[in-house]
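Visitor: Here is a sequence together with a model predicted from it:
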Amino acid sequence: MKKLICSLVLLITVFSCAQEKMPLLGETEFQLKINAEYKDATTSPLKEKDRKLFKTLDFFKVDSTYVVEAKLKRTPNTEFFGMKTTTNRLSTERVFGIVSFELKGNKYELNVYQNQDLMEKEEYKDYLFFPFLDHTNGEESYGGGRYIDLRIPEGDSVIIDFNTAYNPYCAYNPKYSCPLVPRDNYLAIKVEAGVKAFDKH
């Protein structure tokens, strides 16, 4: 009888742990990684009440037509400037280069930026900031535009995967200060890829 009780207790414990430790959702490595970040209290930008109910971000369907090879024209020696943010803070950025690519039959040239503070950190010294606006903003996606993380390539081309487009942290919590997407980085189409607008509770 004692063995049976112990077995039952063990089963209940395992079952309750399995219930608490829900598997992460996501179709791609990017989706799994960002969902893990947003679920973790130490890295999540979500308000506590939103994080407790969080299961997954809402994503557009993964679409390979939104993965483009862009030509990168570097703009060396450009000056740093204060990019406006959602607060009074200015983000110190410079135009690292111009990416030109074709998407949905249209040709575009947009800026990629480099942050002065991040350049001094070993893990981010080759990090490039690619913010953009498109016709989904304010409807399917966050009204302030979205961001894509890039790395400085060795050559003069870079892969831009719009399926990895994500919202600024201030889309989830007003305590964050987020760079505003410059009007130069406007795509006059619907970019139905990446993270959608967040449904706050």
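Guide: Okay, I see it.
Visitor: Going along the chain, name the strands of this protein.
Guide: 67-74, 81-84, 90-103, 106-115, 127-132, 146-151, 157-161 (DSSP state E).
Visitor: quick one: which of those is nearest residue 167?
Guide: strand 146-151 (5.9 Å; CB to CB). Where C-beta positions appear, they are placed from N, C-alpha and C, glycine not excepted.
Visitor: Run through the residues that contact residue 170.
Guide: 86, 144, 176-178 (CB atoms under 8 Å, 6 or more residues apart in numbering).
Visitor: Which entries within those residues meet the buried criterion?
Guide: 86, 144, 178 (16 or more other CB atoms under 10 Å).
Visitor: Closest one of the residues you listed to residue 37?
Guide: residue 178 (16.0 Å).
Visitor: Could you double-check that that closest one sits in contact with residue 86?
Guide: Yes - using CB atoms under 8 Å, residue 178 is in contact with residue 86, at 4.9 Å.
Visitor: what sits in contact with each of those two?
Guide: Between them, residue 178 and residue 86 share the contacting residues 144, 168, 170, judged by CB under 8 Å, 6+ apart.
Visitor: Roughly how far does the last one sit from residue 86?
Guide: To residue 86, residue 170 is 5 Å away according to CB to CB, to the nearest Å.
Visitor: Kindly report the same for the first one.
Guide: Going from residue 144 to residue 86 by CB to CB gives 7 Å.
Visitor: overlap in contacts of those two?
Guide: What both residue 144 and residue 86 touch, as defined by CB under 8 Å, 6+ apart, is the set 168, 170, 178, 180.
Visitor: Report the two of those separated the most.
Guide: 170 and 180 (9.8 Å).
Visitor: give the contact list for the most centrally placed residue in the chain.
Guide: What sits nearest the mean C-alpha location of the chain, by CA atoms, centre = their mean, is residue 166, with 2.7 Å. The contact partners of residue 166, by CB under 8 Å, 6+ apart, come to 34, 146-148, 194-195.
Visitor: Now distance to residue 44 and neighbour count too, for those, in TSV please.
Guide: Below are the contacts of residue 166 laid out as TSV (distance: CB to CB, whole Å; neighbours: other CB atoms under 10 Å):
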residue	distance to residue 44	neighbour count
34	10	21
146	18	26
147	17	22
148	20	18
194	19	27
195	14	22
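Visitor: Closest to residue 108 out of those residues?
Guide: Nearest to residue 108, judged by CB to CB, of the contacts of residue 166 is residue 148 at 13.4 Å.
Visitor: Tell me how many other residues surround the nearest residue to that closest one once chain neighbours are set aside.
Guide: Nearest residue to residue 148, sequence neighbours excluded (CB to CB, 6 or more residues apart in numbering): residue 130, at 4.4 Å. As a burial measure, residue 130 scores 22 neighbours (other CB atoms under 10 Å).
Visitor: what's near enough to touch residue 130?
Guide: By CB under 8 Å, 6+ apart, the neighbours of residue 130 are 99, 110, 112-113, 147-150, 160, 185.
Visitor: how does it look with 6 Å?
Guide: 112, 148, 150 (CB atoms under 6 Å, 6 or more residues apart in numbering).
Visitor: Test of understanding: give the bridge partners of the first one.
Guide: Right, residue 112. Applying DSSP bridges to residue 112 gives these bridge partners: residue 97.
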